[in-house]
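> Need coordinates for the following:
(2 chains)
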Amino acid sequence: MQLIPCPWCGPREEAEFHYGGQAHVAYPGDPSALSDEEWARYVFFRENPSGPFAERWSHNAGCRRWFNAVRDTRTHDLLAVYRVGEPMPEVTA
Amino acid sequence: MTVSPLAAWRDRLAALAPVLDVAEVPFRSQLTVRVSDPDAIAAMGATLGVLFPSAACTFTSGTGRFGDVEVLWLGPDEFLVTASPGLRVTIEEVLRGALGTVRGSVVDTSAQRTTVVLQGAQGREVLAHGCSVDLHPAAAPVGTCVQTLLARTGIVLQVTGEDTLTVLVRSSFAEYFAAWLADACTEYLAVP
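Numbering: from 1, shown residues only, chains lettered A, B, ... in the order given. I've put the predicted structure just below:
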């Protein structure tokens, strides 16, 4: 089974984690000003890159903390993990 | 009369003695503490007489006014304080006092988990049947405390001695854990 390196607990089995979708999707600054189309874009539309993808993971069975990871969607390699609030590190795929 | 989660398993667990001494230590006082302020953490540690763990995946232990107390790291701002049975109300009040007006919480979670102590040279090997965390003494020295999955059930695992492991398992999963443990020990028992 693939090991995912939790930034707090170290490498753990993938089964301990929960996937949280794309990272760094900012909440709209002025929600009431959004049109339906813009809301739909915020709620439902996500990147689907072939290559490095920043996404959120939660270490459900461990420290139960959310963190961010950059995963290569072609190889499932985790290129970097970083804590919430930290900027996305530079990665080379 | 209060019945501990593994009361019905006492004899079956005792039968594993050639491999592991397995004993439930029920009704321990357990308090979940959520706090991130370093001063409040230090104040709480001073009150208990046990410094809170500063490193991830470790626990600290010591003896203070509440007897033997352990503080387990559960997350960057989350700790579990464990002590002898019957102290939960007193410790909760004292920790709340130490917390003061700082943002945080102290919650009595004593009923959430029961404690099982495994003693024996093969303890790490037996648990490795269902636990993916590296339990080699070099990777998990005494003082290690990890939350992980053991045979798909969530546990808190403490390495309390060279050959002593302490498992905190949810009360409702305790019998499942005991059944799994009995099964995992089978291959180490002498063939009759």
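
> these two touch, right, residue B:122 and residue B:188?
Yes. Contact criterion C-beta atoms under 8 Å: residue B:122 and residue B:188 qualify, at 5.8 Å. (Glycine included, C-beta is placed from N, CA and C.)

> joint contacts of those two?
Any residue near both residue B:122 and residue B:188 by C-beta atoms under 8 Å, 6 or more residues apart in numbering or on different chains counts here, and that gives residue B:19.

> Run through who's touching the helix or strand where residue B:46 lies.
Assignment of secondary structure by DSSP states H and E places residue B:46 within helix B:38-48. Here helix B:38-48 makes contact (C-beta under 8 Å, 6+ apart) with B:33, B:35, B:51-52, B:62, B:64-66, B:69, B:71, B:81, B:91, B:94-95, B:97-100, B:102, B:104.

> does residue A:83 really touch residue A:6, like I thought?
No. Proximity of residue A:83 to residue A:6 does not meet the contact threshold set by C-beta under 8 Å, at 10.0 Å.

> can you list residues touching both of those two?
residue A:67.

> Could you check which of those two is surrounded by more residues?
residue A:6 (22 against 12; other C-beta atoms under 10 Å in any protein chain shown).

> just the buried members of the contacts of helix B:38-48?
Buried subset of the contacts of helix B:38-48 (neighbour count, 16 or more other C-beta atoms under 10 Å in any protein chain shown): B:33, B:35, B:52, B:66, B:69, B:71, B:81, B:91, B:94-95, B:98-99, B:104.

> Need the outlier residue of chain A, farthest from its centre.
In chain A, the greatest distance from the average C-alpha position (C-alpha atoms, centre = their mean) is reached by residue A:33, at 27.0 Å.

> and it, how far is that from residue A:39?
For residue A:33, the distance to residue A:39 equals 11 Å [C-beta to C-beta, to the nearest Å].

> Repeat that for residue A:85.
Remark: distance between residue A:85 and residue A:39 (C-beta to C-beta) = 26 Å.

> more neighbours, the two?
Between residue A:85 and residue A:39, counting by other C-beta under 10 Å, residue A:39 is the more crowded of the two (12 against 7).

> May I see the buried residues of the one helix or strand the more buried one maps to?
In the assignment (DSSP H and E), residue A:39 maps to helix A:36-44. The neighbour-count check on helix A:36-44 (16+ other C-beta under 10 Å) flags nothing as buried.

> Mind listing residues that contact that helix?
A:25, A:27-28, A:34.

> quick one: is the very next helix or strand once past it near chain B?
Going down the chain from helix A:36-44, the next helix or strand is strand A:52-58, by DSSP H and E. No. Judged by C-beta under 8 Å from any C-beta of the partner chain, strand A:52-58 makes no contact with chain B; its nearest approach is 11.6 Å.

> which residues are in contact with strand A:52-58?
Counting by C-beta under 8 Å, 6+ apart, A:4, A:17-24, A:47, A:64-73, A:79, A:81, A:88, A:91, A:93 sit against strand A:52-58.

> now, which of those lie within strands?
Of the positions in the contacts of strand A:52-58, A:4, A:18-22, A:66-72, A:79, A:81 sit in strands, assigned by DSSP state E.

> Quickly list the domain ranges of chain B.
Using automatic domain parsing, the domains assigned to chain B come out as B:7-26+B:112-185, B:29-108.
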